[in-house]
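Undergrad: Have a look at this prediction, sequence included:
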Amino acid sequence: MVAAAASVDPAGWQSLLGEMFVRMGHRFARVESRRRAGRFVQGLLAGLVRVNCWTIAEAVGDKTPHGMQNLLSRASWDADGVRDDLREVVVEQLGDQDAMLVIDETGDLKKGTESVGVQRQYTGTAGRIENSQMSVFLTYSTPAGHTFIDRELYLPESWAEDPRRRDRAGVPAATRFTTKSRLALAMITRALDAGVRVGWVTGDEAYGKDAAGLRDPLEQRGQAYVLAVACDHRIPGPGRQSVRADERAAALPKRAWQKLSAGAGAKGRRYYLWARIRLHPAGTTGYHWILMRRNRRTGETAFYRCYSPRRVSLAKLARVAGRRWTIEETFQTGKELTGLDEHQVRTWTSWYRWTTLVMLAHAFLAIAAAHARHTPPHEGLIPLTRNEIRHLYAQLILKPARRVADILAWSTWRRRHQHHARQSHYQRRHENPAPDHELQLE
């Protein structure tokens, strides 16, 4: 038991989180705001059933939620500056010569219509058209770990062209409608211009299909990519006539397919059958391919457009394509462990601030887990995971700090707030009584 506990380092975790905030301290106009942001991140790591300003404030010992609400709305601090500092920390701690950038979007289901960017639109979260808020994220992925380093909120045309809604949600005047591919390109460019060194960029079909918005700009700066495309993606065929990617795949002989690993999964290496065809797009340089991945059991085939300024092996392309899953895991852990999708904010500024602090909390877990892997676990144990570190952090650091008086004070606060809400509701009904026909229906 003593040996198993040796890798559990609450003091080290506290030191790591503290050092991250010291690094970003100059982004806050007041030290009180920086300290409150630190407590906010602690609340995100507290393992709360529901994550919002109320529950976070109660978990970290604040008397009311007002301070946390002010942090997200009116306090003076630079969320984009914190993002930039966080990116530097992540690259320093998780950096590797095999680093990649992974782009993807996620949707948060919403009931109302006032939250910035909300409309009925397709979201992969639900697998259908729903009332939702869409955002695009950039993940830094290496063998040591993976976590978010950038984020952008997608503002639909219905919002971009509505001055009243923009004003109520605090959308900056300079913000215009931008496609998700262009948002992705802006984040990738921001990382590369900041000196982040990566071998590859990868993403799903939503980004692979957009040549002008993403593929062409990446090629122009010599950035290699492996981007998924649909089965009906058109590529050059015999006689210079374009054909569907799945038609070219069906015509390949059996010897063209190789069994290769897409990387390690939860149950071991993930093997598929892979093939590629060299492409020669007009007016381009470097190497271009259509990459195909076939499931050995079902025969289902996925397709990718690939570019590299240098010749690379089929096995290398397969490994890059296989790393796209890291952003899916990042979304999953971001939502399960740090409340990525639980924000209850309506304005532009509050969304960016909440999301930036969530990114910081997730990066802390990713870095702490990477450090834990440096110490071999006791025989019969797996290394500490992000999930286990979050659980231990909440149990060993946060919960012992709570006092009975604080718990009772929050019970009083909730009941008083609910009383005021009830009185306000009764007063509104008294001042604006329902029409006679509604009363009869009741």
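TA: Structure's in. What do you need?

Undergrad: Is Ala262 in a helix, a strand, or coil?
TA: strand (DSSP: H, G, I helix; E, B strand; the rest coil).

Undergrad: For it, which non-adjacent residue is closest in space?
TA: Computed as Cβ to Cβ, 6 or more residues apart in numbering, the closest residue to Ala262 that is not its neighbour in sequence is Gly322, at 2.9 Å. The C-beta positions use only the backbone N, C-alpha and C, and glycine is treated the same way.

Undergrad: residues touching that neighbour, list them.
TA: Ser261, Ala262, Gly263, Arg270 (Cβ atoms under 8 Å, 6 or more residues apart in numbering).

Undergrad: Now with 10 Å, please.
TA: By Cβ atoms under 10 Å, 6 or more residues apart in numbering, the residues touching Gly322 are 202, 226, 260-265, 269-270, 272, 274, 293.

Undergrad: thought Trp289 was touching Ser313?
TA: No: with contact defined as Cβ atoms under 10 Å, Trp289 does not reach Ser313; the gap is 11.1 Å.

Undergrad: Comparing these two, which shows the higher neighbour count?
TA: Using other Cβ atoms under 10 Å, the more surrounded residue of Trp289 and Ser313 is Trp289, with 20 against 10.

Undergrad: quick one: contacts for the more buried one?
TA: Per Cβ under 10 Å, 6+ apart, neighbours of Trp289: 226, 235, 275-279, 304-308, 312, 314, 317.

Undergrad: Now tell me which of those residues the prediction trusts least.
TA: On pLDDT alone, Ile235 ranks lowest of these, at 88.

Undergrad: Residues in a beta bridge with it, which ones?
TA: When assigned by DSSP bridges, Ile235 has beta-bridge partners Val243.

Undergrad: neighbours around it, how many?
TA: If we define neighbours as other Cβ under 10 Å, then Ile235 has 19 of them.

Undergrad: Surely it touches Ile277?
TA: Yes: the pair Ile235 / Ile277 is scored as a contact, 7.3 Å apart, by Cβ under 10 Å.

Undergrad: and for these two, which residues touch both?
TA: Joint contacts of Ile235 and Ile277 (Cβ under 10 Å, 6+ apart) are Ala245, Arg248, His288, Trp289, Ile290.

Undergrad: Helix, strand, or coil at Leu48?
TA: coil.

Undergrad: Would you enumerate the residues in contact with it?
TA: Going by Cβ under 10 Å, 6+ apart, the list of residues near Leu48 reads Trp54, Thr55, Ile56, Glu58, Ala59, Gly339, Glu342, Ala394, Leu398.

Undergrad: same deal with Ala228?
TA: Counting by Cβ under 10 Å, 6+ apart, Ala228 has contacts 202-209, 291, 293, 302-305, 321, 324.

Undergrad: do the same with Lys110
TA: Applying Cβ under 10 Å, 6+ apart, the residues contacting Lys110 are Gly117, Val118, Gln119, Glu130, Asn131, Ser132, Gln133, Gln344, Arg346.

Undergrad: And the helices in the stretch 251-400 of the chain, which stretches?
TA: Assigned by DSSP state H, counting those that start in this stretch, the helices in the stretch 251-400 of the chain fall at 314-322, 325-338, 348-372, 386-393.

Undergrad: Nearest to His417, out of those helices?
TA: helix 348-372 (19.8 Å; Cβ to Cβ).

Undergrad: buried ones in the closest one?
TA: Across helix 348-372, burial judged by 16 or more other Cβ atoms under 10 Å covers 348-372.

Undergrad: go on, stretch 22-36?
TA: Across stretch 22-36, burial judged by 16+ other Cβ under 10 Å covers Met24, Arg27, Phe28, Ser33, Arg34, Arg36.

Undergrad: and which of those residues is nearest Gly195?
TA: The closest of the buried residues of stretch 22-36, once distances to Gly195 are taken by Cβ to Cβ, is Met24, at 18.1 Å.

Undergrad: any idea of the mean pLDDT for stretch 185-197?
TA: Mean predicted confidence for stretch 185-197 is 98.

Undergrad: quick revisit: which one of the contacts of Lys110 sits closest to Ser181?
TA: Nearest to Ser181 among the contacts of Lys110, with distances taken as Cβ to Cβ, is Gly117, at 16.8 Å.

Undergrad: give me the beta-bridge partners of the nearest residue to that closest one once chain neighbours are set aside?
TA: Using Cβ to Cβ, 6+ apart and skipping residues adjacent in sequence, the residue nearest Gly117 is Gln133, 4.9 Å away. The partner list for Gln133 in beta bridges (DSSP bridges) reads Asp108.
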